[in-house]
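Participant: From the sequence below, what's the structure:
(chains A, B, C and D)
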Number of protein chains: 2
Amino acid sequence: MSRSPARRRNPRGEGDRLRVALLDAATEKLAEVQDVDALSVRAVTAAAGVSPTSLYLHFADKDELVTAVKVRCFAALDERMAAAEAEHDGDPVAQVAALGRAYLAFAREQPGWYAAIFHTNFRKDLPRGDDGIAGAGLAVLLRVAAAARRCDPVLGEEDAFVVGTFLWTTLHGRVAVTKAMPSFPFPDEEEWIARLTAQWVGSSRGAAADPTA
Amino acid sequence: MSRSPARRRNPRGEGDRLRVALLDAATEKLAEVQDVDALSVRAVTAAAGVSPTSLYLHFADKDELVTAVKVRCFAALDERMAAAEAEHDGDPVAQVAALGRAYLAFAREQPGWYAAIFHTNFRKDLPRGDDGIAGAGLAVLLRVAAAARRCDPVLGEEDAFVVGTFLWTTLHGRVAVTKAMPSFPFPDEEEWIARLTAQWVGSSRGAAADPTA
DNA sequence: AGCGTTCAGTGAACGCCGTCAAGTCAGCGC
DNA sequence: GCGCTGACTTGACGGCGTTCACTGAACGCT
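Facilitator: Numbering: from 1, shown residues only, chains lettered A, B, ... in the order given. Here you go, the predicted model:
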């Protein structure tokens, strides 16, 4: 866990390169330890070949680092979902199912990154306005909502948004429950996704189309 | 934050009383700090009027303490849901909605306890078999599943279980997303619950009743 | 009455952690 | 050659979970 020795200090004016080096190290380390809170400033800086306090040249505190990492993780999730979606171009319902599968697969294969997305244990909690996380969340959601709408163009934009919300929250719910209670007897993932998809964007959907009216 | 001074050591043979005193202190402190990871051994033992190391007379480590607290929190959630359910006896659909409302209310009003239920950041992760958490989760779920079945007795037991799973994961999803991304534009809670209820246990439900067949 | 054991609980220390204030030291403009 | 600036380090602080050796009162037993 000691510092990698090779590093040479950045040339004058290039100090910002350490910032991305730290972000890279943090992202990698996070994939390794699979838990945001196990990601220590000392481990990250050591991996970057630098002293612990160097982190504070580029981030106000640890929270700011993990927030930056979060945005990266969210982007990775969105990329993966986009790829899955593209594989089923032209079949909207299959696309929704593929998005769901991709979501669960990401959570399973990159638990550290997935956990970062929903990380809320900040050391200092008070101010923290919108730090880009809500924006990243919206991006994922809009992708799902658009897919839902493609399944049934009659669906208004707002309705599609709501349906997307339900799909997303349900997916995250399964991930969270599975993690917290591994022995919980969930239905098989494939069946579960089929059922979820059928319920919200299935062809004979619309049973309770607009109960909010 | 220093130790409460009043305490007298328990009489011989009554050492176990400290165990519940520590659990009480931890539960209370958790409601206060609203975050499992901010719950420190030193703070809990101090609140119980005892030295930090006394904790280890009754719990192997901090993980064991928080696991015991988790079970309590889960029970508190179940109690609250049971109460909400009882208020709408005879109206199954209203009961499901009430369960949803109670769930969201518990998460909102007791964030620390709710977070404990889904806490996974253990310090040591390896063994940890079923510690009663999955059992407590099942209790909540079975309550929801039973309510779903009452809405439509045609629903098989297994189907009701699956529907319950969806309801639960969706509820938790909303809580988690709201916490991680407070500015996320969720539909109003009441409308959202109405829609959720209608979709899964609404009278004209059954549009995609058994896509897994 | 005295003794050994058991039991409830302590105190000091260890190695981690995030963070801060002050310091080092190379490279640039002059 | 000088001083400054920018990149990064050193050393320390307080808090954390946890370990180990310890204290002192209450008990059973002779």
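
Participant: contacts, neighbours, all on C-alpha from now
Facilitator: Fine.

Participant: Check the gap between the residue nearest to the spatial centre of chain A and A:A134 for me.
Facilitator: With distances taken as CA atoms, centre = their mean, chain A has A:F74 as the residue nearest its mean C-alpha position (3.6 Å). Here the distance between A:F74 and A:A134 works out to 10 Å (CA to CA, to the nearest Å).

Participant: and the residue nearest to the centre of chain A, what pLDDT?
Facilitator: According to the prediction, A:F74 has pLDDT 95.

Participant: surely it meets A:L138?
Facilitator: No: under the criterion of CA atoms under 8 Å, A:F74 is not in contact with A:L138, lying 10.4 Å apart.

Participant: Could I get the contacting residues of A:K124?
Facilitator: Contact analysis of A:K124 by CA atoms under 8 Å, 6 or more residues apart in numbering or on different chains lists A:D63.

Participant: I'd like the secondary structure assignment at it, please.
Facilitator: Following DSSP: H, G, I helix; E, B strand; the rest coil, the label given to A:K124 is coil.

Participant: A:R3 now?
Facilitator: coil.

Participant: The nearest residue to it once chain neighbours are set aside is in what secondary structure piece?
Facilitator: Distances taken as CA to CA, 6 or more residues apart in numbering or on different chains place A:A46 nearest to A:R3, at 4.3 Å, with adjacent residues excluded. Following DSSP states H and E, one finds A:A46 within helix A:41-47.

Participant: what about that helix and DNA strand C, any contact?
Facilitator: Yes: looking at helix A:41-47 against DNA strand C by CA under 7 Å from any atom of the strand, the contacts come from A:V41, A:R42, A:A43.

Participant: Now for the closest residue to the second one other than its chain neighbours: which residues touch it?
Facilitator: Spelled out, it's A:R42. Closest residue to A:R42 in three dimensions, ignoring its sequence neighbours and counting by CA to CA, 6+ apart: A:P52, at 5.1 Å. Contact analysis of A:P52 by CA under 8 Å, 6+ apart lists A:V41, A:R42, A:T45, A:A46.

Participant: For A:P52, grab phi and psi.
Facilitator: phi -50, psi -40 (degrees, to the nearest 10).

Participant: The helix or strand of chain A with the lowest mean pLDDT - contacts with which helices or strands?
Facilitator: Evaluated with mean pLDDT, DSSP states H and E, the helix-and-strand set of chain A has its lowest mean pLDDT in helix A:133-151, which scores a mean of 91. If you count contacts as 3 or more CA pairs under 8 Å, 6 or more residues apart in numbering or on different chains; DSSP states H and E, helix A:133-151 packs onto helix A:62-86, helix A:92-109, helix A:157-180.

Participant: tally of neighbours for the closest residue to A:A176 other than its chain neighbours?
Facilitator: Ranked by CA to CA, 6+ apart and with sequence neighbours excluded, the top spatial neighbour of A:A176 is B:F118, at 7.2 Å. Other residues within reach of B:F118, judged by other CA atoms under 10 Å in any protein chain shown, total 20.

Participant: Please apply the same query to A:G15.
Facilitator: By the measure other CA under 10 Å, the count of residues near A:G15 is 12.

Participant: For the residue lying closest to A:G156 once chain neighbours are set aside, give me its contacts.
Facilitator: By the measure of CA to CA, 6+ apart, the closest residue to A:G156 outside its immediate chain neighbours is A:R149, 7.6 Å from it. With contacts defined as CA under 8 Å, 6+ apart, A:R149 is in contact with A:L155, A:G156, A:E157, A:A160.

Participant: could you redo the last one with a cut-off of 10 Å?
Facilitator: Neighbouring residues of A:R149 by CA atoms under 10 Å, 6 or more residues apart in numbering or on different chains: A:92-93, A:143, A:155-161, A:163-164, A:201.

Participant: so what are the domain limits for chain A?
Facilitator: Chain A breaks down into these structural domains: A:11-59, A:66-209 (assignment by automatic domain parsing).

Participant: Wait, the residue nearest to A:R3 touches A:A21, no?
Facilitator: No: shown here, A:A46 and A:A21 do not form a contact pair, counting by CA atoms under 10 Å, at 11.3 Å.
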